[in-house]
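Student: Provided below for reference: sequence and predicted model.
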Amino acid sequence: MPRTSFSIFLAVLLSLSFLPVPTRADEPPAKPAAADKADKAKAGADKDAKVVQDKISRTQHSIMLGGQKIAYTATAGTLVLADEEGKPRASFFYIAYVKDGVKDPRERPVTFSYNGGPGSAALWVNIGAFGPRRVEMSAEGMPLPPPARLVDNEDSLLDVTDLVFVDPIATGYSRPAPGEPVKDFTGFKNDIESMGAFIRLWINRNERWGSPKFLAGESYGTTRSAGLAAHLQDRYGLDLNGIVLVSAVLNWQDFLFGPGNDMPYITYLPTYAAAAWYHKKLPPELSGDLRKTLDEVQEFALHDYAIALLEGNRMPAAKRHEIAVKVARYTGLSVDYVERADLRIEHEHFAKELLRDQGKTIGRLDSRFTGRDRDGIGEVYEFDPASAVVDAPFVAAMSDYVRRDLGFETDLIYERSSEKVYPWTLPEGQYIAVAEPLRKAMMKNPSLKVMIASGYYDMATPFFDGTYTIAHMGLPESDRGRMHQTFYEAGHMMYIHPPDHAKLHKDIAEFIKSAMPGK
């Protein structure tokens, strides 16, 4: 958007409005400047009040799922969040899919879904994973030549639950009201509070308090979901039936590389092994059964490797070399590289190094994908090859879908990944940690169940961290069955890989059914 030229034009226009204008003798005297300014402010406020209002488009559709024809109503619109005095604070954009012909909504669950970031809109979980329409991809999960197009999603969750996809403020078409700062809706605490307010209001407006309720967030959306579980309970008395955490990140200490924090090196090691396995960089004895190899690497990561990192420079040189040899064996890197890295491999360094001899990089979101940089000797890649695959096709398809199929018209930019949410404010301390609030929510609500879906090739939120987190939740033995993890031979967005998309649908459908009342 050419903001600079527009700003200059606006400044000139405003300056001209304050030039003296000749008046006739019979004209009433001019109002004082203060009164005139007050009138303008009131007029502006009235205009804003008219502009910031709910805008709804409803359309009728149908889809075949599991041999059954499902008719549904799609609602694309905005829901205005206001304070208790009725002043608009923000306008949330959402797309809801509700099955037609349901006699008693109390028997039909509703799932609120969103992506992560922080700063991502909900398009990927909508037209990639769970909604009734999806972006058409190749059999390998690669984009087709533009323009992108949508097809029916045979793995949509609409067969088992109504769906509400919501864009957090400053993402998608969601915006703060005029005069309301973006920072009031971003940051760990504000994000959860504003999203919780949307969920409560949608439930109110659609009379769904009696329906079983689920959350399905991806990436940072899993952090949000864990925080929302506690917030919805404590603020609104709203208990959830289940939470689906797709590519989970609950304790950020396990993901943020840096001096003095050895956790990421432990949780990422099995993911490096998976990437090396896929790209045929492991020795023959580790190149067969993937799961068997990963189990072996996990044992090493939790024991010999973790102890070695804890010892630091107190470790004897011979022992240090022995550990380096094992790390190299499991990652496909050279022993020399591992030793020069002080046994600690950062994920972006690994993405550049694994296939350096081939002039290729691998993806962070999905290490199966490869790219090429101009610079073959750099420390990190120029771009994430996997992120590039799921960017433009999804944005183009969503922009067309909203207007053409759902009848929602707007000229706003669809902010698929907004930088306006930064700087991201954090709770006290260096890391966000929501595993404990989630545990408390599960203890307060004995019916709440949690599912973590993890891709082996995900170098953004490694699968082993989900395993580690579950083991450290502190859940009583009698409650551990209420939280489980499922695995996929894909990456962060496992649903772009057709076989794993089908498996994800099956796993979530079974999970939702198991968390329904009376089960």
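Tutor: Received it, and whenever you're ready, just let me know what you need.

Student: Report the secondary structure element holding the nearest residue to residue 380 once chain neighbours are set aside.
Tutor: Among residues not flanking residue 380 along the chain, residue 348 sits closest, at 4.2 Å (Cβ to Cβ, 6 or more residues apart in numbering). From N, CA and C alone the C-beta is placed, and that goes for glycine too. Applying DSSP states H and E as the criterion places residue 348 in helix 347-353.

Student: After that helix, heading C-terminal, what element do we hit next?
Tutor: The helix or strand immediately downstream of helix 347-353 is strand 361-362, counting by DSSP H and E.

Student: Please name the strands paired to that next one in the sheet, noting orientation.
Tutor: Applying DSSP bridges to the sheet, strand 361-362 is found paired with strand 370-371 (antiparallel).

Student: What is the distance between the helix or strand just after the partner strand and the centre of its chain?
Tutor: Per DSSP H and E, strand 370-371 leads on to helix 385-389 as the next helix or strand towards the C-terminus. Centroid separation between helix 385-389 and its chain, computed with Cα atoms, centre = their mean, to the nearest Å, is 16 Å.

Student: Output whichever helix or strand comes after helix 385-389 in PDB, but only the C-alpha positions, please.
Tutor: Moving toward the C-terminus from helix 385-389, the next helix or strand (DSSP H and E) is helix 392-400. What follows is helix 392-400, C-alpha atoms only, in PDB (Å, rounded to 0.1, in the frame of the first residue of the first chain):
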ATOM      1  CA  ALA A 392       1.100 -17.800  -1.800                       C
ATOM      2  CA  PRO A 393      -1.200 -20.600  -2.900                       C
ATOM      3  CA  PHE A 394      -3.200 -20.500   0.400                       C
ATOM      4  CA  VAL A 395      -3.400 -16.700   0.500                       C
ATOM      5  CA  ALA A 396      -4.600 -16.500  -3.100                       C
ATOM      6  CA  ALA A 397      -7.100 -19.300  -2.600                       C
ATOM      7  CA  MET A 398      -8.500 -17.700   0.600                       C
ATOM      8  CA  SER A 399      -8.900 -14.300  -1.000                       C
ATOM      9  CA  ASP A 400     -10.900 -15.700  -3.800                       C
END
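
Student: list the buried ones in helix 392-400?
Tutor: By 16 or more other Cβ atoms under 10 Å, the buried positions in helix 392-400 come out as 393, 394, 395, 396, 397, 398, 399.

Student: now stretch 146-166
Tutor: 148, 150, 153-166.

Student: Report the distance from that stretch to the chain centre.
Tutor: With Cα atoms, centre = their mean, you get 16 Å for stretch 146-166.

Student: average model confidence for that stretch?
Tutor: Stretch 146-166 shows a mean pLDDT of 96.

Student: Now the terminal residues of that stretch, how far apart.
Tutor: End-to-end distance of stretch 146-166 (Cα to Cα, to the nearest Å): 26 Å.

Student: swap in stretch 235-255?
Tutor: First-to-last distance for stretch 235-255 - Cα to Cα - comes to 30 Å.

Student: related to what we said a few turns ago, nearest to residue 465 among the buried residues of helix 392-400?
Tutor: Of all those, residue 465 sits closest to residue 394, with 25.8 Å by Cβ to Cβ.

Student: For that closest one, give me its contacts.
Tutor: Residue 394 makes contacts with 123, 124, 127, 128, 135, 148, 416, as judged by Cβ atoms under 8 Å, 6 or more residues apart in numbering.

Student: same thing but at 7 Å, please
Tutor: Shown in contact with residue 394 (Cβ atoms under 7 Å, 6 or more residues apart in numbering): 123, 124, 127, 128, 135.

Student: Just these: which are in helices?
Tutor: Members of the contacts of residue 394 lying in helices (criterion: DSSP state H): 123, 124.

Student: which of the contacts of residue 394 has the most neighbours?
Tutor: Most neighbours among the contacts of residue 394, by other Cβ atoms under 10 Å: residue 124, with 29 neighbours.

Student: Find the nearest non-adjacent residue to that residue, please.
Tutor: Going by Cβ to Cβ, 6+ apart, residue 124 has residue 115 as its nearest residue, at 5.2 Å.

Student: you'd agree the one you found is up against residue 128?
Tutor: No. If you go by Cβ atoms under 7 Å, residue 115 and residue 128 don't touch, sitting 9.3 Å apart.

Student: Need the overlap of contacts for the two.
Tutor: Listed as contacting both residue 115 and residue 128 by Cβ under 7 Å, 6+ apart is no residue at all.

Student: Give me the local confidence score for the most centrally placed residue in the chain.
Tutor: Compute the mean C-alpha point of the chain, and by Cα atoms, centre = their mean the closest residue is residue 116, 2.0 Å away. On pLDDT, residue 116 comes in at 91.

Student: so what's it up against?
Tutor: 217, 218, 219, 220, 221 are the contacts of residue 116 under Cβ under 7 Å, 6+ apart.

Student: The buried residues of stretch 146-166 in strands, which ones?
Tutor: Using DSSP state E, the subset of the buried residues of stretch 146-166 located in strands is 150, 162, 163, 164, 165, 166.

Student: related to what we said a few turns ago, how about the buried residues of helix 392-400 in CSV, adding distance to residue 504?
Tutor: Listed next are those as CSV, based on distance: Cβ to Cβ, whole Å:
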residue, distance to residue 504
393, 20
394, 17
395, 22
396, 24
397, 20
398, 20
399, 25
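
Student: Let me know the closest of those to residue 94.
Tutor: Distances from residue 94 to the buried residues of helix 392-400, taken by Cβ to Cβ, are shortest for residue 398, at 13.1 Å.
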